[in-house]
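Student: Mind looking at a prediction? Sequence and model below.
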Amino acid sequence: MTQGRLLLSLAILSSLIVSGILWNRSCSRSAGPGTGGVRVAAPEGFVLREVGERSGVTIRTICGPPKDKKFIIEANGSGAALFDYDLDGDLDLYVINGSTIEILREDAPAVRNALYRNDGEWRF
């Protein structure tokens, strides 16, 4: 892996980690009065851009119901991992989904995890 690809991979991984931290904070916060907004200062010059759809990442993730998370499974959000599953030298993306009690009881459609194969240009 070239130094440029390694730096790009680390930048994307850092973005996913920061996104996951911010997403997890918003998912685990109760929806009741007085919760306030969670503000996290980004390092100077650090910019997150929405590129999922353009890159081919289309999974819709679940983090329990929008309000009243009563069970642990509803408070845990989704996650992601970058690794080279097909050994072609490109980092592929695996996205792990959360759930809800309704989904686990089969009262709602099941959600899936997703494995996206990187074509070498960060398109999946």
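Tutor: Happy to help now that I have it.
Student: make it CA atoms for all contacts and neighbour counts henceforth
Tutor: Will do.
Student: As a check, name the ranges of all helices in this protein.
Tutor: Secondary structure of the chain (DSSP state H): helices located at 3-28, 52-55, 72-75, 101-104.
Student: Next up, the contacts around residue 92.
Tutor: Neighbouring residues of residue 92 by CA atoms under 8 Å, 6 or more residues apart in numbering: 82, 83, 84, 85, 115, 116, 117, 118.
Student: Tell me what it is bridged to.
Tutor: As for beta bridges, residue 92 partners with residue 83 under DSSP bridges.
Student: Just the local confidence number for it, please.
Tutor: Looking at residue 92, its pLDDT reads 95.
Student: how close does it get to residue 44?
Tutor: For residue 92, the distance to residue 44 equals 28 Å [CA to CA, to the nearest Å].
Student: Could you do residue 65 as well?
Tutor: 34 Å.
Student: who's more crowded, these two?
Tutor: residue 65 (15 against 6; other CA atoms under 10 Å).
Student: What's the separation between that one and residue 121?
Tutor: With distances taken as CA to CA, residue 65 is found 35 Å from residue 121.
Student: need the contact list for the residue lying closest to residue 120 once chain neighbours are set aside.
Tutor: Nearest non-adjacent residue to residue 120, counting by CA to CA, 6 or more residues apart in numbering: residue 90, 5.7 Å away. Neighbour list for residue 90: 83, 84, 118, 119, 120 [criterion: CA under 8 Å, 6+ apart].
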